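Undergrad: sequence plus predicted model, see below.
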Amino acid sequence: MNNRIVLGFSFLIFGILSLLSSRNIILLTFEDVAGIVFIFYSIPTVYSALNNGERGKLTASTILFLVGVVFLVKSYFEILDTRGIVFFSILFISGSALVILFIENTKEKILLYTGFVFLVLSYLSITQFKKLGLFDYANRIGNLFEAFWPIILIVMGMIIFVNRKK
């Protein structure tokens, strides 16, 4: 299927669902709408990119699919520790994307091994890392990062601006 058609339908669905949601015709949050659109876009894109050598498109659409699933799960279930789900999601999405890349090219076994390591780490992040106190440490780092986020963005923007081609 042509990628532009899927992208066009995705924008159409996003617009329609956003409009219906803003008029309170359907009860969807922005996370719901984004999750639905990400999933709708990524399924045919993964299918068309698989075994066609389009690894960038395959990786991006796999990540979009899993981010869409995370948005929907976070929206429909009350999750108290949102930082914990972000850490888990990063590990799980990384592992899943690597396994999908291995499925696309089975000669590269390192993708499979690294993907399984990330998947196991994502499982451990939910079960064992809390017991070890790593979540408290991660929360402190997250709070520190949250405080300095605007400064980091400003510095990155200035670096990009200074290093641009003239």
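TA: Sure, I can see it. Residues are numbered from 1 along each chain as shown.
Undergrad: what helix or strand is the residue sitting nearest the centre point of the chain located in?
TA: Nearest residue to the geometric centre of the chain (CA atoms, centre = their mean): Val67, 3.4 Å. In the assignment (DSSP states H and E), Val67 maps to helix 55-76.
Undergrad: try Glu78
TA: Short version, using DSSP H and E: Glu78 is in no helix or strand.
Undergrad: that one and Phe87, how far apart?
TA: 18 Å (CB to CB, to the nearest Å). Any C-beta I mention is one placed from the backbone N, CA and C, and that applies to glycine too.
Undergrad: more neighbours: which of the two?
TA: Phe87 (21 against 5; other CB atoms under 10 Å).
Undergrad: how far away from the center of its chain is stretch 60-68?
TA: Mean C-alpha position of stretch 60-68 versus that of the full chain (CA atoms, centre = their mean, to the nearest Å) differs by 5 Å.
Undergrad: let's see it as PDB, backbone CA atoms only.
TA: What follows is stretch 60-68, C-alpha atoms only, in PDB (Å, rounded to 0.1, in the frame of the first residue of the first chain):
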ATOM      1  CA  ALA A  60       9.900   4.200  13.000                       C
ATOM      2  CA  SER A  61       6.600   2.600  12.400                       C
ATOM      3  CA  THR A  62       7.200  -0.200  15.000                       C
ATOM      4  CA  ILE A  63       8.100   2.500  17.500                       C
ATOM      5  CA  LEU A  64       5.000   4.500  16.600                       C
ATOM      6  CA  PHE A  65       2.800   1.400  17.000                       C
ATOM      7  CA  LEU A  66       4.200   0.700  20.400                       C
ATOM      8  CA  VAL A  67       3.900   4.300  21.500                       C
ATOM      9  CA  GLY A  68       0.300   4.300  20.400                       C
END
